[in-house]
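Asks: Fold the following for me, if possible:
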Amino acid sequence: MIQTIVNAFKDKDIRKKLLFTAFIVLIFRIGSVIPVPFLDIADEINIGKGNNILTYLSLMTGSAFTYGTIFAMSITPYINSSIIMQLLGVAIPALEKLQKEGEEGRKKINTITRIVTVVLGLMQSLAYYFFLRSSGYLMKAADGTAFTGFDAVFQAVVIIAVLTAGTAVIMWLGEQITKEGIGNGISIILFAGIVSRFPTLIAQLYEYWKPGRLVYRILVPVVIVAFVLMIAYIVLVDNAERRLPIQYAKRVVGRKMYGGQNTHMPIKINMSGVLPIIFASSILSLPATVQMFISEDKYKDTGWEKFFNIFQGDSWWYALMYFLLIIFFAYFYSTIQYNPIEMANNLRKSNGAIPGIRPGRPTSDYLMRIISRLVLIGALMISVVALFPIVYSLICKAAIPPLENADPNTLAEQGGMSISLGGTSLIILVGVALETVRQLESQMMMRHYKGFLDQ
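Replies: Numbers count the residues shown, from 1 in each chain. Model prediction:
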């Protein structure tokens, strides 16, 4: 990977694209620290503990969400919009038709996706404004009271408009990276937001190491080694594929013979990527999010308290539900993305067949069995990455008790050990890095390829 980047900088055109991409990322990070007008946030916004939608947004926005900046919504509305359009493409025939119309259809879908992104950004900004207002983070008048009347309306309009505009600007920045940069712009923006949390992770590990407790002197290096091994494991999972042999029948057209060659159909083991983890974490974060807006006196010492505790990230029940939902959404997404009947029909139209399998219905049934097994294997493999930080934290919590008279500001004295960088972030980081390297390699190959006229 490092050698690929070094070689890319040696090419003048690719170097310009890399520098342009770095410039756009710099703009994104600058916007992530510029505060929204009319907000009074001294340090960080209190987004609660455990697994809720606010901690998820903070993770995906590189902590811009917890500081109330103009890019607080980050790229999440665009990601949600893309997922919605992808799912609706299966349910709505008109969208499915657009997907098959080539470049023109893709342009129309992109336009609709942008519109949906702005609408989702507006809705998300509106919800964020009400959260800030209820939490007391809005700027007050000179006498210390909240704005009223026209001033309050103007304050709300400015905050919501700035946050929504920030969403549109980030979407535009991502498109500029795709057009003028190295490509894959939205993923690069998401990558930059997650990477910006690395200093926080390093500071957290240092907080465990600093007091000098022997158990943490051992566990901190173990965590670092585990993350390195996990990166290698994700690379293995991302590149793993099942290659089905395909044989094309010979046919004569005029005086020429076509076909007759043997090839293969690659099917990725992890065909759904990180989406099952995102879907599963989003579903499980809903109860914790609802809990934030309910007074503790209303559910304390009741059955609802036990219910909410199940959905906290430090619960074994949470880990079990997380695991089952990942498998469910992996099958759900593969069902939408892969149609064995259509795959079998395409093979038959091109005079191709799987050796030993009859064309038509037997081929589609065979593909269905193969895909079902691969989806299960892929879901189990990514579950290891998603559940590792949770299981590790649960084991440390049970094995490392807090010290007597523990200082609440010292992590090592409170016992346990949590990891702020989750499996979702790690899979996204490695996946984007691999895809970027592939794009750089393909661009370098095109520029160094000698065509017929260069021979």
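Asks: Can you check which helix is longest in this structure?
Replies: Criterion DSSP state H: the longest helix present in the chain is helix 361-399.
Asks: Buried residues in that helix, which are they?
Replies: With burial defined by 16 or more other CB atoms under 10 Å, the residues of helix 361-399 counted as buried are 363-364, 366-368, 370-371, 374-375, 377-379, 381-383, 385-390, 392-394, 396-397. The C-beta positions use only the backbone N, C-alpha and C, and glycine is treated the same way.
Asks: what stretches of the stretch 1-150 of the chain score poorly on pLDDT?
Replies: 1-2, 47-53 (pLDDT under 70).
Asks: At which residues are the helices of it located?
Replies: Taking DSSP state H, counting those that start in this stretch as the criterion, the stretch 1-150 of the chain carries its helices at 2-10, 12-31, 53-60, 64-67, 76-91, 93-99, 103-135, 149-180.
Asks: name the helices or strands packed onto the second one?
Replies: In this case it means helix 12-31. Counting contacts by 3 or more CB pairs under 8 Å, 6 or more residues apart in numbering; DSSP states H and E, helix 12-31 is packed against helix 2-10, helix 149-180, helix 185-195, helix 423-448.
Asks: helices or strands up against the last one?
Replies: Spelled out, it's helix 423-448. helix 2-10, helix 12-31, helix 185-195, helix 214-239, helix 275-292, helix 361-399.
Asks: now what about the helix or strand containing residue 324, what contacts it?
Replies: Using DSSP states H and E, residue 324 sits within helix 316-337. For helix 316-337, contacts defined as CB atoms under 8 Å, 6 or more residues apart in numbering pick out 51, 86-87, 90, 271-272, 275-277, 279-281, 283-284, 310-312, 371-372, 375-376, 378-380, 382-383, 386-387, 390-391, 394.
Asks: quick one, which of the helices of the stretch 1-150 of the chain is nearest to residue 228?
Replies: helix 2-10 (15.2 Å; CB to CB).
Asks: how much does that closest one deviate in direction from helix 12-31?
Replies: If you take axes from the mean of the first three to the mean of the last three CA atoms, to 10 degrees, helix 2-10 sits at 100 degrees to helix 12-31.
Asks: other SSEs contacting helix 2-10?
Replies: helix 12-31, helix 423-448.
Asks: So which of these is the most surrounded?
Replies: Comparing those by mean neighbour count (mean count of other CB atoms under 10 Å), helix 423-448 ranks first with a mean of 17.
Asks: ranking the helices and strands packed on helix 12-31 by mean pLDDT, which is last?
Replies: Mean pLDDT is lowest for helix 2-10 among the helices and strands packed on helix 12-31, at a mean of 72.
Asks: Just the buried residues of that one, please?
Replies: Buried positions in helix 2-10, judged by neighbour count with 16+ other CB under 10 Å: residue 8.
Asks: For that helix, output the C-alpha coordinates as PDB.
Replies: Extracted in PDB, the C-alpha atoms of helix 2-10 (Å, rounded to 0.1, in the frame of the first residue of the first chain):
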ATOM      1  CA  ILE A   2       2.800   2.400   0.900                       C
ATOM      2  CA  GLN A   3       4.700   1.600  -2.200                       C
ATOM      3  CA  THR A   4       1.500   2.200  -4.300                       C
ATOM      4  CA  ILE A   5       1.100   5.700  -2.800                       C
ATOM      5  CA  VAL A   6       4.800   6.500  -3.300                       C
ATOM      6  CA  ASN A   7       4.600   5.400  -7.000                       C
ATOM      7  CA  ALA A   8       1.400   7.500  -7.400                       C
ATOM      8  CA  PHE A   9       3.200  10.600  -6.300                       C
ATOM      9  CA  LYS A  10       5.700  10.100  -9.000                       C
END
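Asks: Packed most tightly, which of the helices of the stretch 1-150 of the chain would that be?
Replies: The most buried one of these (mean count of other CB under 10 Å) is helix 64-67, showing a mean of 23.
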